[in-house]
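# No sequence on hand, only this structure:
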């Protein structure tokens, strides 16, 4: 039981607050498939750029100061982060599972 409480506490700590705004400071990108996005849920403040289409969005994402990447577990988000870094963008962050995102209102 204590381990479960510790894990829950840790997950709360790694949660992040991002909000998208007009001046393109930050964006949250969920790289799961469109089907996962629609069927399993998603953070309302995120956009869906599936990993298999992600490369075509890289130049658009470079307009943002910060890019947070999420997916189901963090694996595909890490792949997307590496794609951004390989294109020269250095402000991407893997936030792991999409449930870690807390949208500001």
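Yep, it's here. Note that this is a predicted model, so its numbers are computed, not measured. Numbers count the residues shown, from 1 in each chain.
# what distance separates stretch 93-104 from the centre of its chain?
6 Å (CA atoms, centre = their mean, to the nearest Å).
# which parts of it are buried?
Buried residues in stretch 93-104, counted by 16 or more other CB atoms under 10 Å: 93-96, 98, 100-101. From N, CA and C alone the C-beta is placed, and that goes for glycine too.
# Among these, which ones are in strands?
With strands defined by DSSP state E, the entries of the buried residues of stretch 93-104 inside them are 93-96, 101.
# coming back round to it: quick one: which of the buried residues of stretch 93-104 is nearest to residue 40?
For residue 40, the closest of those turns out to be residue 98, at 8.3 Å, with distances computed as CB to CB.
# which SS state does the most centrally placed residue in the chain fall under?
Centroid-nearest residue in the chain, with CA atoms, centre = their mean: residue 69, separated by 2.4 Å. Per DSSP: H, G, I helix; E, B strand; the rest coil, the secondary structure class of residue 69 is strand.
# That one contacts residue 95, correct?
Yes - judged on CB atoms under 8 Å, residue 69 makes contact with residue 95 at a distance of 6.5 Å.
# For the strand or helix carrying residue 60, buried residues please.
When secondary structure is defined using DSSP states H and E, the element that contains residue 60 is helix 58-61. By 16+ other CB under 10 Å, the buried positions in helix 58-61 come out as 58, 61.
# avg pLDDT for it?
Average pLDDT, helix 58-61: 96.
# Can you name every helix or strand that it contacts?
Taking 3 or more CB pairs under 8 Å, 6 or more residues apart in numbering; DSSP states H and E as contact, the helices and strands that helix 58-61 lies on are helix 75-86.
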